[in-house]
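**Q** sequence and predicted model, in that order:
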Amino acid sequence: MKKILITIISVLAVIALIAWILNNNKKKNEEQTNIVAQGSSGDVAVKIEKASLQTADMNFNANGTFEARQDLTLAAESAGRITRFTVNEGDHVRKGQVVARIDDEILGIESQNAQASLDNAKRDLQRYESSFKTGGVTQQQVDQQRLAVTNAQARLQTARRKTNDADVKAPISGTVNKRFIENGSYVTAGAQLFEIVDISTLKLKVNVNESQVVNLQKGGSVKIICNVFPDKNFTGTINFIAAKADESLNFPIEILVSNNTANELRAGMYGTAVFELPQQKPSILLSRSAFVGSVSSNKVFIYENGQARERSVIAGRVIGEKVEIIKGISPGEQVIVSGQINLVDGTKVQIAK
């Protein structure tokens, strides 16, 4: 009998629980029905944003790769056999320093022959001028011999230049990054000898968008951070700002960065340019979503006394997800930022929670 009583009580409890759940669901359905009924009356649920004066943070970072300001491949200016090197890979060289020697024996012989030809041409010119006075030669012959002297002088100058070029000199100061030939090798004019890299000053090339480039100017100072040396700060100067955007509508910027005394920055390292711009005057900033269609439409809806009122505005800079409002909205006004697709001027709206 006791077991039967317990069973009956359990069944009644389950029935009561089911009845409570059904009643609760009924109340929720009625609430949702009321909301739908309210929406069908013409009120559109919207979200709003209160317009206020804000100070835009215009600071931004841009990443790039360091490049050597001067990266030059030194070539031989005359042919010959390499007889001596004075520097090796990794050595620092000064501008004008002799870095290699080309055998100048043949070059010396060319200079001697050119000098001898010039001396002969001068002696012949003297004889022609003397003969011209006595009528032995014509004026044309004298002029031709003078031209021969001029040509001989040019050949001598060329030969001496080749002899001087036997001492291969560094055209810039920097570090010998690579040597292309070995001692004793025969090289022709134009053959690559050394790669010399100057990293005392480097170039950092980055890209910025249109809203950022308008705040930059050539000669401006930029803080530089290298990922390899996070605890060290470097300073750069804007050296170039592109006058035309690239295919991705970004503007290339070139920054000259002074290396430290140890030349720790190397070409090929990654760097970050930190553009810290002057603080801007406070202005009204709205979410991009507040605009009907797009920012270029210059149309927004204002929430006034339960209605959506269309308003024409003048938009300024686009700063991230915010848009600067130059004219058309006052601080404190409530701007609709969601639900505009269902709105026309005068539509009744309700603020969604």
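**A** That came through, no problem.
**Q** going along the chain, name the helices of the stretch 1-150 of the chain.
**A** 2-40, 105-134, 139-164 (DSSP state H, counting those that start in this stretch).
**Q** and the second one, what's its mean pLDDT?
**A** What that stands for is helix 105-134. The average pLDDT for helix 105-134 rounds to 73.
**Q** quick one: list the elements packing against that helix.
**A** helix 139-164 (3 or more C-beta pairs under 8 Å, 6 or more residues apart in numbering; DSSP states H and E). No exception for glycine: its C-beta is placed from N, CA and C like everyone else's.
**Q** check which helices and strands the helix it packs on is in contact with.
**A** Checking 3+ C-beta pairs under 8 Å, 6+ apart, helix 139-164 ends up next to helix 105-134.
**Q** tell me the angle of the helix it packs on relative to helix 139-164?
**A** 160 degrees (axes from the mean of the first three to the mean of the last three C-alpha atoms, to 10 degrees).
**Q** let's have the chain start at 34 instead
**A** Understood, numbering begins at 34; the last thing we discussed is helix 138-167.
**Q** what residues are up against the residue positioned nearest the centre of the chain?
**A** With distances taken as C-alpha atoms, centre = their mean, V239 lies nearest the centre of the chain, 1.8 Å away. Residues in contact with V239, defined by C-beta atoms under 8 Å, 6 or more residues apart in numbering, are 95-97, 285-286, 288, 306.
**Q** make it 10 Å
**A** By C-beta atoms under 10 Å, 6 or more residues apart in numbering, V239 lies in contact with 94-98, 255, 283-288, 304-306, 308.
**Q** and I257, which of the three is it?
**A** Following DSSP: H, G, I helix; E, B strand; the rest coil, the label given to I257 is strand.
**Q** okay, now it: neighbour count?
**A** Using other C-beta atoms under 10 Å, the number of residues around I257 comes to 21.
**Q** before we move on, what about S281?
**A** So S281, with other C-beta under 10 Å, has 7 neighbours.
**Q** so where's the protein uncertain?
**A** The model of the chain has pLDDT under 70 over residues 34-75, 137-144, 192-198.
**Q** can you rerun that using 50?
**A** 62-74 (pLDDT under 50).
**Q** now do the contacts for D176.
**A** Per C-beta under 10 Å, 6+ apart, neighbours of D176: Y161.
**Q** same thing with V126?
**A** By C-beta under 10 Å, 6+ apart, the neighbours of V126 are 107, 119-120, 132, 202-209, 227, 229, 231.
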